[in-house]
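In: Need a 3D model of the sequence below.
(2 chains)
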Number of protein chains: 2
Amino acid sequence: MKLNVNGLLIVISGPSGVGKSTVRKALFNKKGHNLIYSVSMTTRKPRDGEVDGVDYYFVSREEFERRIEEGKFLEYAEFVGNYYGTPKDIVEKKLDEGHEVVLEIEVEGALQVRKVMPEAVFIFLVPPGRQALYDRLLSRGTEDKSKIEERINKANREFLLAHKYDYIVVNDDVDNAADRIMAIIRAEHAKTERSIHQYMKLLGE
Amino acid sequence: MKLNVNGLLIVISGPSGVGKSTVRKALFNKKGHNLIYSVSMTTRKPRDGEVDGVDYYFVSREEFERRIEEGKFLEYAEFVGNYYGTPKDIVEKKLDEGHEVVLEIEVEGALQVRKVMPEAVFIFLVPPGRQALYDRLLSRGTEDKSKIEERINKANREFLLAHKYDYIVVNDDVDNAADRIMAIIRAEHAKTERSIHQYMKLLGE
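Out: Down below sits the predicted model:
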C-alpha cells in the first residue's frame, strides 16, 4: 500500500567543497530506493565517450535559449560560454512516474528552483565546521591562491543562506549524511500535507 | 558532532484500535535510539506489582487537581472516576536532557498537547484501510455489540482529524511503521527551524 503516488524532487545543495557529489553517490548506493539523478541540459559539445541523455542532454544554443524563453528550466546558468540547466518537463515526467528525482546543485541554482517548485525538498549540506571546509578547498591544491581565496569567500557567503532550506544535513561522515537524507525523503512522504489526499482516498475504499 | 541539544516530544496517536502500543513497543525495540516513554500521572490506586514512577506516578486527587490549576499537564482526562494525565514539568526535564520523549495517546489528548506544545511532532497512525480497523475492533470480541459500534463510530470521527497532525503513518506492518517513525524523528532534527541556531554556533567556532 502506497500513500504517495508522485515522487519528490530532492535538491541537494550547499557550499562549494562540502562534498555534495560524494554524498549523492553514497545515497544512490543505498538499497531499496527509487531515486533517479536529474540529467542536465547543456550547449557544451559532448566529450569523448559522453552519451546524450546520460551524461547531459546536448542541445544547440538556439534550442537552449528558446527553452529559456518558454520557461522550461527549473534553473540554468552560463559558465565559460556554455549554458547548463535543469529541464523542467523531464523532471516533472519522472516525478509523475513516481521517481524521487535528485538534483545536486550549487546554492544559486537551488534558490532558483525554490521559486519555480517550492514543494521540492531543499537540503543544505554543511561541513562539520568552517575549518573542515577550508582545509578541503586548500587540499584540492591545483588552483592558485587568489582562486582559493575567492572560493573561501564564496563559501562564507553561502554559509549564511542555510535558512532558505528545509533541512540542514551535516556531512560529518558521508554514509551518515546519506542516511539522514534517506530519512528525510521517507519522512517527507509521510507529511500530512503530502499524504492526506491519498489517505482520504484510502478511507473511501 | 550534534546539531540539536534538546530532544523532541513525539506524539503517537490515532484512532482507537489502530495499534498504537504495538508500534510504540516496536519503536523502542529498535537500536541506537535515545527514546524514553512518558510515564503518566494518575489518581488511580496502584495495582499489585505496579511501581510509582515506572508504571505511573501515583498521586492523590487533591494533588492532581492542584497540578491542573497550575497548568502542569500537557493533557489530562477523567476516566471512570480517576484522573490520568501527562506531567508537563517531567516531560520538559527529559527533553532538556536530550531525550526524545514519546507520548502514546488518544486523539483527544494529542489535540490538547498540540495547544500547549505546538513544537512537538504529531504523528497520526492509521490502518491500511477502514475495514482493517473494523476487523480489529470486532476481533477483540469481549465487548458487547453496542460498545463495538460506539468504538467504530468514534474511529470514524477520529479518521477525519488526520489534518491536525504533522505526519500520517500507515500501520500496514508494525516494523515498517516503526521505521517510518524513526525516519521522521531523524528528519525532524535536521529541519532548518530546529537546527539553525546550533548550525550558526558551529560556524562561529
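In: Could you tell me which residues of chain A lie near chain B?
Out: For chain A, the contact set with chain B under CB under 8 Å from any CB of the partner chain comprises A:1, A:3, A:124, A:126, A:128-130, A:159, A:162-163, A:165-170, A:172, A:179-180, A:182-184, A:186-188, A:190-192, A:195-196, A:199, A:202-203, A:205. The way it works is simple: take the backbone N, C-alpha and C, and place the C-beta from them, glycine included.
In: Enumerate the strands of chain A by residue range, in sequence order.
Out: Defined through DSSP state E, the strands belonging to chain A, from first to last, are A:9-13, A:35-37, A:41-42, A:57-58, A:73-79, A:82-87, A:100-104, A:121-126, A:167-170.
In: roughly how far out does the first one sit from the chain middle?
Out: Averaging C-alpha coordinates over strand A:9-13 and over its chain gives two centres that are 3 Å apart (CA atoms, centre = their mean, to the nearest Å).
In: and what of the last one?
Out: From the chain centre to the centre of strand A:167-170 is a distance of 14 Å (CA atoms, centre = their mean).
In: just checking, what packs against that strand?
Out: In terms of contacts (3 or more CB pairs under 8 Å, 6 or more residues apart in numbering or on different chains; DSSP states H and E), strand A:167-170 is packed against strand A:121-126, helix A:174-190, helix B:174-190, helix B:192-204.
In: partner strands of the shortest one, parallel or antiparallel?
Out: Each strand paired with strand A:121-126, and its direction, by DSSP bridges: strand A:9-13 (parallel), strand A:167-170 (parallel).
In: Return the alpha-carbon coordinates of the first one using PDB.
Out: Meaning strand A:9-13. Presented in PDB, the C-alpha positions along strand A:9-13 are these (Å, rounded to 0.1, in the frame of the first residue of the first chain):
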ATOM      1  CA  LEU A   9      12.200  16.500  -6.100                       C
ATOM      2  CA  ILE A  10      15.200  16.300  -3.700                       C
ATOM      3  CA  VAL A  11      17.500  19.300  -4.000                       C
ATOM      4  CA  ILE A  12      20.900  18.600  -2.500                       C
ATOM      5  CA  SER A  13      22.900  21.800  -2.300                       C
END
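In: Now that strand: average pLDDT?
Out: Averaging pLDDT along strand A:9-13 yields 97.
In: Can you find the helix or strand of chain A with the lowest average pLDDT?
Out: Here the helix or strand of chain A ranked lowest by mean pLDDT, DSSP states H and E is helix A:130-140, holding a mean of 81.
In: Please list all residues in contact with the residue nearest to residue A:182 when sequence neighbours are not counted.
Out: By the measure of CB to CB, 6 or more residues apart in numbering or on different chains, the closest residue to residue A:182 outside its immediate chain neighbours is residue A:30, 5.9 Å from it. For residue A:30, the contacting residues are A:178, A:179, A:182, by CB atoms under 8 Å, 6 or more residues apart in numbering or on different chains.
In: Straight-line length of stretch A:93-112, end to end?
Out: Between the start and the finish of stretch A:93-112 there is a gap of 20 Å, counting by CA to CA, to the nearest Å.
In: what separates that stretch from the chain centre, distance-wise?
Out: On the basis of CA atoms, centre = their mean, stretch A:93-112 is displaced by 5 Å from the centre of the chain it belongs to.
In: contacts for it?
Out: Where contact means CB under 8 Å, 6+ apart, the residues beyond stretch A:93-112 that reach it are A:5-16, A:20-21, A:24, A:27-28, A:33-38, A:74-77, A:86, A:91, A:113, A:120, A:122, A:158, A:161, A:164-165, A:185.
In: now stretch A:116-124
Out: Here stretch A:116-124 makes contact (CB under 8 Å, 6+ apart) with A:8-14, A:74-75, A:88, A:103, A:110, A:113-114, A:161-162, A:164-169, A:181, A:184-185, A:188, B:192.
In: Just the buried subset of those residues, please.
Out: Among these, those that count as buried by neighbour count (16 or more other CB atoms under 10 Å in any protein chain shown) are A:8-14, A:74-75, A:88, A:103, A:110, A:113-114, A:161-162, A:165-169, A:181, A:184-185, A:188, B:192.
In: tell me how far stretch A:24-32 is from the chain's mean position?
Out: Counting by CA atoms, centre = their mean, stretch A:24-32 is centred 14 Å from the centre of its parent chain.
In: For the least confident helix or strand of chain A, list every residue counted as buried.
Out: Of all the residues in helix A:130-140, those buried under the rule 16+ other CB under 10 Å are A:130, A:132, A:133, A:134, A:137.
In: Need the max-distance pair from these.
Out: With distance counted by CB to CB, no two of those lie farther apart than A:130 and A:137, which are 10.9 Å apart.
In: Residue A:135 and chain B: what is the separation?
Out: 14 Å (CB to the nearest CB, to the nearest Å).
In: Repeat that for residue A:44.
Out: The separation that residue A:44 has from chain B, given CB to the nearest CB, amounts to 34 Å.
In: now do residue A:138
Out: Separation of residue A:138 from chain B (CB to the nearest CB): 18 Å.
In: which helices and strands does the least confident helix or strand of chain A pack with?
Out: For helix A:130-140, the elements it packs on are helix A:145-159, judged by 3+ CB pairs under 8 Å, 6+ apart.
In: Send over the helix it packs on as PDB, restricted to the C-alpha atoms.
Out: Extracted in PDB, the C-alpha atoms of helix A:145-159 (Å, rounded to 0.1, in the frame of the first residue of the first chain):
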ATOM      1  CA  LYS A 145      46.000  31.300  -4.100                       C
ATOM      2  CA  SER A 146      43.600  34.000  -5.300                       C
ATOM      3  CA  LYS A 147      41.200  31.400  -6.700                       C
ATOM      4  CA  ILE A 148      41.200  29.500  -3.400                       C
ATOM      5  CA  GLU A 149      40.500  32.800  -1.500                       C
ATOM      6  CA  GLU A 150      37.700  33.500  -3.900                       C
ATOM      7  CA  ARG A 151      36.100  30.100  -3.200                       C
ATOM      8  CA  ILE A 152      36.500  30.600   0.600                       C
ATOM      9  CA  ASN A 153      34.800  33.900   0.300                       C
ATOM     10  CA  LYS A 154      32.000  32.400  -1.700                       C
ATOM     11  CA  ALA A 155      31.600  29.600   0.800                       C
ATOM     12  CA  ASN A 156      31.400  32.200   3.600                       C
ATOM     13  CA  ARG A 157      28.600  34.000   1.800                       C
ATOM     14  CA  GLU A 158      26.800  30.700   1.100                       C
ATOM     15  CA  PHE A 159      27.000  29.500   4.700                       C
END
